[in-house]
Structures are given as structure tokens and as C-alpha cells.
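Engineer: Just to be clear, the model below is a prediction. Sequence and coordinates:
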Amino acid sequence: MSAKDFTISIIVDQSPEEVFNAVTNVRGWWSEQIEGNAAKQNDEFNYHYEDIHRCKVKLTEVIPNQKIVWLIEDNYFKFTEDETEWTGTKPTFEISEKDGKTQLRFTHFGLVPDYECFDICRDSWTNYIQNSLKKLITTGKGEPNGKDKPRTENERKLSANT
């Protein structure tokens, strides 16, 4: 496997605007425990899941209905030797029209297979993008994690080990 950034895509019937609005509703698909704002350029928010994962995120690029770039300014993982692995990486959401539908391409620039967290992060992002965010876009209700509400198998395992 080559050292490539993690990428995943979904295609939905909803408009680019509906997809954009869902992505910026981070509490609706990633975590109920987001503190701060996550919709406009230079917004900042803090994410945390129990004492397992915390990060500070800044929106460095926002083009309505087209693109959102997050910069992970600070990160803590309880389960990796390098607790700061995500620091400086850029989760990026690109929205485009494709064959009368809307494609959301998520790339976590800097999240590469060399990272100790890669397998867990790949599995978690896959769940949050293909399951929770897609449900938020298509049904209006996502499946974010929250206090004592693990949503992925890895969150369940890591929670059990704390």
C-alpha cells in the first residue's frame, strides 16, 4: 500500500446546499459533544470523545456548497504512542454534482497508512461519512457519538479499556 491520504466518497440525491448544510452540522453526524462553531471560515471547534480522543479544529477554507477544509490545530489520542498524530492534518470535504446527483468526497490529508491510528481512524471515518453523515443528509438524522454513546466498534472497544 502506498502512503496515500485517506479518501472516501458518497453520492446522494440531495442538493449540494443540503450536503453542505449537513457537513457543517458536525453535532448532527460526528459528535454531540462539539464545542464551538463549524460552519464559516475561521470558525473553531473542539471535539472530544470521553478521554480517548480530543482535537481542536479550525475551518481554514469554506466555499459554500462546494468545499470545507478543517485544520487539526491540536490533537490527543489515548491509544497511540504519538498522542498528537492528527495535528497539522486537514480533513477536507469536496461537494460536486455528478450525473444529476451530489457527490461528497472526504479526504483526510495527512492521515496516511504509516500512522498508528490509521486503521481505527479509517474505520471510524468510514462509519461517520458513509453511515452517519449520509443518514443526516438523506433522512435528517445522523448517528453522532456522545457521552456514553459509542457509535463505532472501535469506540466501544476503546471505551471498554478505559
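Structural biologist: Good, I have the coordinates. Numbering: from 1, shown residues only.
Engineer: where along the chain do the helices fall?
Structural biologist: Applying DSSP state H to the chain gives helices spanning 16-23, 26-29, 118-127, 134-139, 153-160.
Engineer: Save these as a markdown table, and put in mean pLDDT, mean neighbour count and distance to Ser9 too.
Structural biologist: For every residue, glycine as well, the C-beta is placed using N, CA and C. What follows is the helices of the chain, written out as a markdown table (pLDDT from 0 to 100; neighbours: other Cβ atoms under 10 Å; distance: least, Cβ to Cβ, whole Å):
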| stretch | mean pLDDT | mean neighbour count | distance to Ser9 |
| --- | --- | --- | --- |
| helix 16-23 | 98 | 20 | 12 |
| helix 26-29 | 96 | 21 | 16 |
| helix 118-127 | 95 | 17 | 11 |
| helix 134-139 | 98 | 18 | 11 |
| helix 153-160 | 73 | 15 | 21 |
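Engineer: and of these, who's closest to Phe79?
Structural biologist: Closest to Phe79 of these, according to Cβ to Cβ: helix 153-160, at 5.8 Å.
Engineer: tell me the contacts of the closest residue to Glu153 other than its chain neighbours?
Structural biologist: Nearest residue to Glu153 in three dimensions, chain neighbours excluded: Asp123, at 7.3 Å (Cβ to Cβ, 6 or more residues apart in numbering). When contacts are counted by Cβ atoms under 8 Å, 6 or more residues apart in numbering, Asp123 touches 152-154.
Engineer: How about Lys101?
Structural biologist: By Cβ under 8 Å, 6+ apart, the contact set of Lys101 is 11-13.
Engineer: what do you get if the cut-off is 10 Å, keeping everything else the same?
Structural biologist: Applying Cβ atoms under 10 Å, 6 or more residues apart in numbering to Lys101 gives the contacts 10-15.
Engineer: Among those residues, name the buried ones.
Structural biologist: 10, 12, 14 (16 or more other Cβ atoms under 10 Å).
Engineer: wouldn't the first one be in contact with Trp125 here?
Structural biologist: No - Ile10 is beyond contact range of Trp125, at 11.7 Å (criterion: Cβ atoms under 10 Å).
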